[in-house]
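A.B. asks: model this:
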Amino acid sequence: VLQSPQQRLDKLFADLKRENNEKAAERIAGRIWQEWSQSGSATVDLLAQWSSEAVKAKKYAVALDFLDQVTLLKPDYVEGWNRRATLHYALGNTRKSMSDINRVLALEPRHFGALAGMAAIMSESNREALALKAWERYLEIYPADRNAQEQMNTISEKLAGSRS
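C.D. replies: Down below sits the predicted model:
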C-alpha cells in the first residue's frame, strides 16, 4: 500500500512519541526530517540546495533570496519556511525568524525543529515561561530527546529560583 507523505509522517510521529530509546528516536526524527525536506518540486528542491550552498559560502543575502523564492513558489512547503527561520535566526533577526516559525507551526504543529527555535528565541529574550511552554510542546512530540529534557529542566529550575 503506497502511503501519502502525510500518512508516512503521521506514522513516524506516532512512532517517535512512543519510542523511549534515545538512539532509535534519533533515527525516527531523521526520517521525519527526510520527509520534510522533500518539497515535491524539482525547482524548489534546487533553490533549497542553492540556498544551503550559499550559506556554506557565507553568502547569506543570496541564501535568503533563494529561500524567499522557495516560500513564494511553494507556500505550503514547511521546510522552506523553517530553513528561512533558521537563517534569519543565525543572522540575528529574531522577529523575522519568529514570523517564519509561526508559519511553520501553522502548517505543521508537530515541527519540533521550529519549536526548538522558538524556545531558543524565548530564552534569549528572557521570556523563560514561554520557552518552557515551547519545550513542553516539543517533548510531547519527541519525548526521548535528552537535550530538550535538559533544556526544560534548566529553565524550570531557573523559574523556580526566581519565584523563591
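
A.B. asks: Centroid-nearest residue for the chain?
C.D. replies: Residue closest to the mean C-alpha point of the chain, counted by CA atoms, centre = their mean, is residue 113 at 2.1 Å.

A.B. asks: Excluding chain neighbours, give the residue nearest to that residue in space.
C.D. replies: The spatial neighbour of residue 113 that comes closest, neighbours along the chain excluded (CB to CB, 6 or more residues apart in numbering), is residue 82 at 5.9 Å. For every residue, glycine as well, the C-beta is placed using N, CA and C.

A.B. asks: is it true that the one you found touches residue 115?
C.D. replies: No - Residue 82 lies out of contact with residue 115 (CB atoms under 8 Å); the separation is 10.7 Å.

A.B. asks: The closest residue to residue 19 other than its chain neighbours: how many residues sit nearby?
C.D. replies: Nearest residue to residue 19 in three dimensions, chain neighbours excluded: residue 25, at 4.3 Å (CB to CB, 6+ apart). Residue 25 has 20 neighbours, counted by other CB atoms under 10 Å.

A.B. asks: Backbone dihedrals for residue 25, both of them.
C.D. replies: Phi and psi for residue 25, reported as degrees, to the nearest 10, are phi -60, psi -40.

A.B. asks: so where's this protein shaky on pLDDT?
C.D. replies: Low-confidence segments of the chain, defined by pLDDT under 70: 163-164.
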